[in-house]
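Trainee: Model the structure of this input:
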Amino acid sequence: METQLCEQFAEQNIELSDVRHPDLLSKCTLMCRRFGLEPDALVSKWVAFCLRNQQSDVMPTLTGLDALTRELDKSEKKSDRRKQFTESSYDPTIHTKETIQTDMPDDFLASFMDTDTAKAIKEAQSQTPSNNKRLSLATPARTAKPRARTNVGSPEAMPYGSPPLMTSPDTVTPGSSSSASYATRNNAGQVLETFNPEKRLERAPAMIERLDLGIVLRAWKDLPVLDKSYMHMYEKLLTRSEELDERINKMGKDIAKKHNVFAAAAQDTKMETDDKTAVDAEAPPQTFSHVAQAVQSRAVVAGRICVDAVGDARLNAQSILLEGSRETSNGERVKLDVSELAEFSLFPGQIVVCDGSNSTGECFVPRTIHQGAPPALIKSRNTDLVQHYFSSPMATDAQAVELIVASGPYTADSDLSYAPLDDLLEVIGREKPDAVILMGPFVDAEHSIIKTGQVDVTYEELFKNITSRIIDNIRLASSHTEIVFVPSLRDVHHDCVYPQPPLVIDTRDDEKVHMFSNPCTFMIKEMLVAVNATDILMDLTQKEFGRGSDRLGRLVNHLFEQQSFYPLYPPAPGVNIDFERIDYLNMAVTPDIMIVPSDVNRFVKNVNGCLAVNPGRLTKHNTGGTYSRLVVHGPRRLDIPEGENKKVFNAVPSRAAVQIIRI
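Mentor: Below is the predicted model:
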């Protein structure tokens, strides 16, 4: 087989020798045997793998073959699930046009459409003879008006491929007059929000030697770092279906394990049946039940929250559906009755585990809804904390890390002078923070001038001028400040796909300038920082239905409980999720700092041990907005245990001082 492999690789102009590359050939041989592939099939899959990942060098490597092995293994598991589902679920009977109405059950066609459409078809069938008139499959009118939100790919937003150039240069020249409302503001520098639970210093103490932040992008499990553009719009409906279904299975198991659901149900069942005979006592549930199965006993089900309405409708008490997975419920849906629950918070796409009953098979009545399973916080070694924050073993005062965080738009809606950005750069030059995190949009697709195309430079040139201005001004004032750029789906010059690849910026070989994806997680010293420049909080606000307090904290907590940067499904208009890469939206651990810029009201909160910050927008239409200053002090020396390799929680909220400031 090794000889055949060498011949097949040679046909692709890849020189592989059993003398020079014994490890590679051995790996390829094992892959052929494991997946039942002929040598020519394996070579074809390798070449296709290189093309998908935009690898210019197609010479096999052990790392690349390992990645291909994981991909083939994942594909094989999905194929097995499809085969098992097909064999167990489909009737091989072949129907004709004449027999399809009489032979098929009533709910067959309904399973492929929403409830209102199926109801309309059924009424039309009962009122109109099938032989005389054709059945109308028109979709009922929408029940709610969709939220106005510009899609970067729509004509209104002017496609970034060919912007018209039709205005005078002063609209984009730096230094042009900004709007009167911004220029005449009298509240610049006003502190609007403060978070400082332990009354720490609001500015980092002066340091003789600056801290090395060690900023590095963090990837989890087998995921490579998303550090470049990728081919999108190649997603298959089958891929989306499988990913959505697999999410129900995975999250259902995580939630059941986190809340010990089956043991709790068994304990409650035992207490309820103490007075019953052994014959009358109901058996406690041990596995997930079918969501639409009529059972008289207690049941535990897992599924996705859906809306029983057409269009962009919002959840209410009468429109909540629970959709089970194909594995446990054949993908069926059932009405969810929450009238007996005192407190809950639900939204479309949320994965929940319900403990309750379904006596009729048409409505599940939960006693308890378990809404998620937040991942654990990370820990740091005690020796690392000492090294990060104490300059010497005898030091008693810890050093600190100071960050400035801002989110676009960076100019008023009436011009492209970027005067608010200049004011922010002046603040950065004066305060010289350790790091600056800047999130898009930098060239906003919703800007009035951009939408009408009244610019005489390309969007890419405008973005290049902006980033050059940012880097040059910060470097002129501070040589140690790290700069992090994160794109937004509203950046008209960039890929409008989510997860979003990093921006392309000429850093001039400056190692302290970083371009990260949206969303992203990266390390600053021992702290894990997560950034999501997509406005998930506003999208959840539009869709959430629940009872409870602290709405803003609850919205952020949804991200942790669902282990996702964007748990809403279907996504809001303009959020174009690529399900081929949806793993990049997963949240494997709870970060120490979560930055979620949003149009909802600015805030700083401690959410489940994470410091959640919404710095607001730097500009709001023609008025000045806000930015945030974060100072994270080192832990107190007495709080760091002695010894070697002892791990402690970072506890960032307790040692942070955060301000949200008017620009």
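
Trainee: Longest strand in this protein, please.
Mentor: strand 295-307 (DSSP state E).

Trainee: which residue packs closest to the residue most central in space within the chain, ignoring adjacent ones?
Mentor: The chain has residue 565 as the residue nearest its centroid, 2.6 Å off, counting by C-alpha atoms, centre = their mean. Distances taken as C-beta to C-beta, 6 or more residues apart in numbering place residue 519 nearest to residue 565, at 4.2 Å, with adjacent residues excluded. Where you see a C-beta, it was placed from the backbone N, CA and C, and this is true even at glycine.

Trainee: Quick check: the one you found touching residue 499?
Mentor: Yes: applying C-beta atoms under 8 Å, one finds residue 519 in contact with residue 499, separated by 6.6 Å.

Trainee: the more surrounded of those two?
Mentor: Between residue 519 and residue 499, counted using other C-beta atoms under 10 Å, the more crowded position is residue 519 (26 against 23).

Trainee: got the contact list for that one?
Mentor: Residues in contact with residue 519 (C-beta atoms under 8 Å, 6 or more residues apart in numbering) are 499, 530, 531, 532, 533, 534, 565, 566, 584, 585.

Trainee: Please report the distance of residue 456 from residue 500.
Mentor: Taking C-beta to C-beta, to the nearest Å as the measure, residue 456 and residue 500 are separated by 27 Å.

Trainee: and if you look at residue 653?
Mentor: Taking C-beta to C-beta, one finds residue 653 at 28 Å from residue 500.

Trainee: hang on, the residue nearest to the centre of the chain packs against residue 536?
Mentor: Yes: with contacts counted by C-beta under 8 Å, residue 565 reaches residue 536, the gap being 6.9 Å.

Trainee: and for these two, which residues touch both?
Mentor: Shared contacts of residue 565 and residue 536 (C-beta under 8 Å, 6+ apart): residue 559.

Trainee: rewinding a little: between residue 519 and residue 499, what contacts are shared?
Mentor: Shared contacts of residue 519 and residue 499 (C-beta under 8 Å, 6+ apart): 584, 585.

Trainee: Comparing residue 456 and residue 500, which residue is more hemmed in?
Mentor: The residue with more neighbours, out of residue 456 and residue 500, is residue 500; 27 against 16, by other C-beta under 10 Å.

Trainee: That one bridge partners, please.
Mentor: Beta-bridge partners for residue 500, by DSSP bridges, are residue 518.

Trainee: In contact with it, which residues?
Mentor: Residue 500 touches 487, 488, 489, 494, 517, 518, 533, 534, counting by C-beta under 8 Å, 6+ apart.

Trainee: How many residues are close by the fifth one?
Mentor: It stands for residue 517. For residue 517, the neighbour count with other C-beta under 10 Å is 23.

Trainee: That one and residue 502 touch, don't they?
Mentor: Yes: using C-beta under 8 Å, residue 517 is in contact with residue 502, at 5.0 Å.

Trainee: what residues do these two have in common as contacts?
Mentor: 226, 227, 486, 487.

Trainee: Among those, which one is most surrounded by other residues?
Mentor: In these, the most neighbours by other C-beta under 10 Å go to residue 487, 27 neighbours.

Trainee: Thought residue 520 was touching that residue, still the case?
Mentor: No: contact criterion C-beta under 8 Å: residue 487 and residue 520 do not qualify, at 9.8 Å.

Trainee: just to confirm, which helix or strand has residue 429 in it?
Mentor: helix 419-431 (DSSP states H and E).

Trainee: and that helix, what does it pack onto?
Mentor: Counting contacts by 3 or more C-beta pairs under 8 Å, 6 or more residues apart in numbering; DSSP states H and E, helix 419-431 packs against helix 180-183, strand 400-407, helix 459-477, strand 626-633.

Trainee: for the record, mean pLDDT for it?
Mentor: The average pLDDT within helix 419-431 is 95.

Trainee: Just the buried positions in it, please.
Mentor: Residues of helix 419-431 classed as buried by neighbour count (16 or more other C-beta atoms under 10 Å): 419, 420, 421, 422, 423, 424, 425, 427, 428, 431.

Trainee: ditto for stretch 38-46
Mentor: Buried residues in stretch 38-46, counted by 16+ other C-beta under 10 Å: 39, 42, 43, 45, 46.

Trainee: can you put the residues you listed in JSON lines and add secondary structure?
Mentor: Below are the buried residues of stretch 38-46 laid out as JSON lines (DSSP: H, G, I helix; E, B strand; the rest coil):
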{"residue": "39", "secondary structure": "helix"}
{"residue": "42", "secondary structure": "helix"}
{"residue": "43", "secondary structure": "helix"}
{"residue": "45", "secondary structure": "helix"}
{"residue": "46", "secondary structure": "helix"}
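
Trainee: Could I get these in TSV, plus columns for pLDDT?
Mentor: Formatted as TSV, these follow (pLDDT from 0 to 100):
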residue	pLDDT
39	87
42	88
43	88
45	89
46	87
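
Trainee: I'd like those residues written out as CSV, with distance to residue 633 added.
Mentor: Below are these laid out as CSV (distance: C-beta to C-beta, whole Å):
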residue, distance to residue 633
39, 60
42, 55
43, 56
45, 52
46, 51
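
Trainee: Does residue 374 touch residue 609 like I think?
Mentor: No: between residue 374 and residue 609 there is no contact, the gap being 9.1 Å when judged by C-beta under 8 Å.

Trainee: Touching both of these two, which residues are there?
Mentor: With C-beta under 8 Å, 6+ apart as the test, residue 374 and residue 609 both reach residue 590.

Trainee: Of the buried residues of helix 419-431, which is the nearest to residue 623?
Mentor: Distance to residue 623, by C-beta to C-beta, is smallest for residue 420 among those, at 9.7 Å.

Trainee: and the closest one, what does it touch?
Mentor: 178, 182, 410, 411, 412, 618, 619, 624, 625, 663.

Trainee: Can you give me the neighbour number for residue 529?
Mentor: With other C-beta under 10 Å as criterion, residue 529 counts 26.

Trainee: How about residue 506?
Mentor: Residue neighbour count, defined by other C-beta under 10 Å, stands at 11 for residue 506.

Trainee: and what of residue 605?
Mentor: There are 20 residues near residue 605, going by other C-beta under 10 Å.

Trainee: what's the helix or strand for it?
Mentor: Residue 605 is part of strand 603-607, with elements assigned from DSSP H and E.

Trainee: so how far is the helix or strand that comes right after that strand from its chain's centroid?
Mentor: Heading C-terminal from strand 603-607, the first helix or strand you meet, by DSSP H and E, is strand 610-614. On the basis of C-alpha atoms, centre = their mean, to the nearest Å, strand 610-614 sits 16 Å off its chain's mean C-alpha point.
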